[in-house]
Every structure is written in structure tokens, then in C-alpha cells.
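Trainee: Predicted model and sequence follow; I will ask about them next.
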Amino acid sequence: MTEELPEYDLTLYPDPLLRKPAEPVTSFDEGLTALAAGMLERMHASNGVGLAAPQVGLRTRVLVMNPTGEEGDDRVLVNPEILERTGAETSYEEGCLSFPGVYAEVRRPDHCKVRFFSVDGEEHEEEFTGFTSRVIQHEFDHLEGVLLVDRMSPADKVRNKHVLQDLVARYQERRKREESPA
Ligand code: CO
């Protein structure tokens, strides 16, 4: 394959693009294949374990992940729907590529049952547990416009206050530069 992959930049907090719910994929075409491949490329290049389309500025219901970091374990879930969340809640320190430097304990049910489509349009139903289930739930949040900062405890908000303020300041600077090109 010599096709060129789209190169995606990360959308960082507090960009309002991250707050817009994503729209379902309706055509399972080459564009979708390229999008998924480009997202996986971005995720790996940024040392992430998961990435949702809104994080590269796209309002599309696609998430990619590789919870093990092993070659060959890349997964793409199109139009995922969480059918069930069950099992004991566990707490784990999560990070997010849209929140560099921010880490927060998030409680989530251990188990989830997900209906999704593969890039070729085949429908699947699969159950996930442990870390993989957590990654899916985190990335699924992105498709709904829900962010790590919404899941944080008040204590974690205080602990991450300066990093969050810094992200806001850097976003405002970027906006200013974009609005008044030199
Ligand atoms: Co995230």
C-alpha cells in the first residue's frame, strides 16, 4: 500500500471541538479506512493506548485503541454503543492525549458489552473487562463530548489545577495567533 495516510494533529483541552457529540459513520469506504489508519498512527506516535475521532478534530463516531501496546493488537470500533456496564467499579489513574500532563483517578465499572462495526461495515458484539474495558469507556466518553475533567474528583481538580490553567492559557494564545496572523 502506497496510499498516503492523513496526518492528524491532536485537539487539546479546552478546544470546544472536544465538547461536540460525534455523528455516526454512514459510509464504510476508503475514507473511513484512511481515517482509522491515520488515527492509529497519531495514537502510536503520541504513545497513547486509545484515541477518539473528536481528539483529531473530527465529529465522527470512531475510536481506536491498543490497550496492550503489542503490535497486531490495534483495534478500530466504528459507531460503538455500550449496551451494558456491569461488574464492580474500579478506580484507576487515567491520562488523556487531549490533556497532556493531567492524571486523575476515575471510577468505572469493570465490564462492558459493546456493539460496534468494523471498518468494513461488519457488525460485532463483544464483552470487555479490565483495562481494555476502561479504555473503551474513556474513548466512548469522547464521542459524547465527555472529558477527563468531568470525571475528576474535586481533590484531583485541585491537584491538576495549574496544568489545566496552563492548557487554557496555551489554547487562548493559539486562538489569538490564529485570529491575527502576523
Ligand atoms: Co481521552
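Mentor: Cool, the structure landed. Everything numeric here is computed off the predicted structure, so don't read it as measured data. Numbers count the residues shown, from 1 in each chain.

Trainee: got a list of contacts for the longest helix seen in the chain?
Mentor: Identified as the longest helix of the chain according to DSSP state H is helix 161-179. Contacts with helix 161-179, where a contact means Cβ atoms under 8 Å, 6 or more residues apart in numbering, come from 12, 13, 14, 15, 99, 100, 101, 102, 149, 157. (Glycine included, C-beta is placed from N, CA and C.)

Trainee: these two touch, right, the last one and residue 148?
Mentor: Just to be clear, that refers to residue 157. No - applying Cβ atoms under 8 Å as the test, residue 157 and residue 148 come out as separate, 10.6 Å apart.

Trainee: Neighbour count for those two, which is higher?
Mentor: residue 148 (21 against 13; other Cβ atoms under 10 Å).

Trainee: Would you confirm that that one contacts residue 97?
Mentor: No - Residue 148 is beyond contact range of residue 97, at 10.2 Å (criterion: Cβ under 8 Å).

Trainee: How about stretch 151-163, which residues are buried there?
Mentor: Across stretch 151-163, burial judged by 16 or more other Cβ atoms under 10 Å covers 151, 152, 156, 159, 160.

Trainee: on that earlier part again, which residues are in contact with both of residue 148 and residue 97?
Mentor: Here residue 148 and residue 97 have no joint contacts, going by Cβ under 8 Å, 6+ apart.

Trainee: Rounded mean pLDDT for the longest strand along the chain, please.
Mentor: In the chain, assigned by DSSP state E, the strand with the most residues is strand 75-94. On average, the pLDDT along strand 75-94 is 97.

Trainee: what lines up beside it in the sheet?
Mentor: strand 62-65 (antiparallel), strand 104-117 (antiparallel) (DSSP bridges).

Trainee: Contacts for the last one, please.
Mentor: Right, strand 104-117. Against strand 104-117 from outside (Cβ under 8 Å, 6+ apart): 25, 28, 77-94, 123-130, 133-134, 136-138, 148, 151-153, 156, 159-160.

Trainee: let's see 6 Å
Mentor: 77-91, 93-94, 123-129, 133-134, 137, 151-152, 156 (Cβ atoms under 6 Å, 6 or more residues apart in numbering).

Trainee: Using PDB, write down the CA coordinates of it.
Mentor: The C-alpha coordinates for strand 104-117 follow below in PDB (Å, rounded to 0.1, in the frame of the first residue of the first chain):
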ATOM      1  CA  ALA A 104      -6.800  11.600  37.600                       C
ATOM      2  CA  GLU A 105      -8.400   8.700  39.400                       C
ATOM      3  CA  VAL A 106     -11.600   7.700  37.600                       C
ATOM      4  CA  ARG A 107     -14.100   5.100  38.800                       C
ATOM      5  CA  ARG A 108     -15.700   2.900  36.100                       C
ATOM      6  CA  PRO A 109     -17.400  -0.500  36.100                       C
ATOM      7  CA  ASP A 110     -15.000  -3.300  35.200                       C
ATOM      8  CA  HIS A 111     -17.100  -4.800  32.500                       C
ATOM      9  CA  CYS A 112     -18.800  -3.500  29.400                       C
ATOM     10  CA  LYS A 113     -20.700  -5.100  26.500                       C
ATOM     11  CA  VAL A 114     -20.300  -3.200  23.200                       C
ATOM     12  CA  ARG A 115     -21.900  -3.300  19.800                       C
ATOM     13  CA  PHE A 116     -19.800  -1.800  17.100                       C
ATOM     14  CA  PHE A 117     -18.900  -2.000  13.400                       C
END
